[in-house]
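# Sequence first, predicted model second:
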Amino acid sequence: MAKDDKKNEWKEFVWNPRTREFMGRTASSWGLILLFYLAFYTFLAGLFSLTMYVMLQTLNEHRPTWQDRLSTPGMMIRPQGEALEIAYTKEDTESWDMHVQALNRFLSSYNDSEQMKKNVNCTPDQYFTQEDGDSVWNNPKRSCQFLRSTLDQCSGLEDRYYGYDQGMPCVIIKFNRVVGMYPSKDSQAPFVTCSGKRYRVGKDEWADDSEKMGQLMYFPPDGSFNLMYYPYYGKKAQVNYSQPLVAIKFLNITRNTEVNVECKITANNIPEGSERDKFAGRVSFKLRINSKN
């Protein structure tokens, strides 16, 4: 009987037909509770929406208010290859054709006709500053032309294989975009230098592959990123921006051996990259050109 009493008590707690109560409350009591919580959460949602709206009104959609970034921007190469390793056999077209196609895709937006159509011819060696007014945002901002032909022998215009068929490949360097960066304090444009990457051969002994790397050619000839491409104002403000490039052509690299290459940026307003971040202000890659001859 005790079990039956407990069972009946539980049933009456869930629904009591005498008092018409559900879970100990009448329908009107439950209705008032639901109405309170509906009003309470509607108020919270409205307060949150109003707060977000007011905050968004203080932001400029074309320029970030705060930037959390490294003090030294990163660098990257094209073509990338697998794990930043470019390896192929000179006589085997299929082994290097993918690198040629990757460069063609990357440089397609830099075609001279395309750049002349959407960008302006800027004055070299000086910043292309486009200030906003007190009450008027100067958007969209103009961008300077970077002509594909500037890369000369590494442009793919005269030599459509970028030297890969001759064992003298081109590698293109790009410097990561940073909004509002001025890389120079005294009109000295940042420039790229490449050398053999150092590696340890003993406890206190180091070596590099500079001799294996051979002679290099830079395009533009000084390997610089001209100041007219700075500052960068952001993707929304500067929709047609084409970041400058530097191309390196390896003229007589040692064949049938792996060569470790490191390219660095030199700029008097950008701190030298940390060894902990191998892409901060530098990029390292492996280049191996095999030859059957």
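Everything's here; your move.

# Please name the bridge partners of the residue lying closest to residue 194 once chain neighbours are set aside.
Using CB to CB, 6 or more residues apart in numbering and skipping the chain neighbours, the partner closest in space to residue 194 is residue 263 (4.2 Å). For glycine as for every other residue, the C-beta is placed from the backbone atoms N, C-alpha and C. Taking DSSP bridges as the rule, residue 263 bridges to residue 194, residue 283.

# Do I have it right that residue 263 meets residue 173?
Yes - using CB atoms under 8 Å as the test, residue 263 is close enough to residue 173 to be in contact (5.7 Å).

# give the contact list for the residue nearest to residue 194.
With contacts taken as CB atoms under 8 Å, 6 or more residues apart in numbering, residue 263 has the following neighbours: 75, 77, 173, 192, 193, 194, 248, 282, 283, 284.

# The third one - that's part of a strand, no?
Yes - membership of residue 173 in a strand is supported by DSSP: H, G, I helix; E, B strand; the rest coil.

# okay, now it: neighbour count?
Residue 173 has 22 neighbours, counted by other CB atoms under 10 Å.

# got a pLDDT number for it?
Note on residue 173: pLDDT of 96.

# just the first one next, same as before
What the model reports as pLDDT for residue 75 is 91.

# is it fair to say it lies in a strand?
Yes - checked against three-state DSSP, residue 75 lies within a strand.

# Setting aside sequence neighbours, what's the nearest residue to it?
The shortest distance from residue 75 to any residue that is not its chain neighbour, by CB to CB, 6+ apart, is 4.2 Å, and that residue is residue 283.

# Same check on residue 93?
residue 165 (7.4 Å).

# what about residue 117, which SS state?
For residue 117, the assignment made with three-state DSSP gives helix.

# Relative to residue 260, how far out is residue 207?
Residue 207 sits 10 Å away from residue 260, taking CB to CB, to the nearest Å as the criterion.

# Please say which of these two ends up with more neighbours.
Neighbour comparison, residue 207 and residue 260: the larger count goes to residue 260, with 19 against 14 (by other CB under 10 Å).

# quick one: low-confidence ranges for this structure?
Per-residue confidence for the chain (pLDDT under 70) gives these ranges: 1-25, 60-71, 133-137, 273-276.

# try 80 this time
Low-confidence regions of the chain, defined here as pLDDT under 80, cover residues 1-30, 56-71, 132-139, 200-204, 272-279, 293.

# need the helices for it, in chain order.
For the chain, the helices defined by DSSP state H cover 2-14, 27-57, 93-107, 112-118, 210-213.

# mind checking how far residue 112 is from residue 207?
43 Å.

# hmm, back to that, can you pull the contacts of the residue nearest to residue 93?
Listed by CB under 8 Å, 6+ apart, the contact partners of residue 165 are 90, 93, 96.

# Residue 223 reaches residue 193, doesn't it?
Yes - if you go by CB under 8 Å, residue 223 and residue 193 touch, sitting 6.8 Å apart.

# Those two: who's more crowded?
Using other CB under 10 Å, the more surrounded residue of residue 223 and residue 193 is residue 223, with 22 against 13.

# Would you quantify the distance from the more buried one to residue 181?
Look at residue 223 and residue 181: by CB to CB, they are 19 Å apart.

# related to what we said a few turns ago, shared neighbours of residue 207 and residue 260, anything?
Shared contacts of residue 207 and residue 260, defined by CB under 8 Å, 6+ apart, are found at residue 199.

# Show the contacting residues for residue 141.
Contact partners of residue 141, counting by CB under 8 Å, 6+ apart, are 130, 233, 237, 238.
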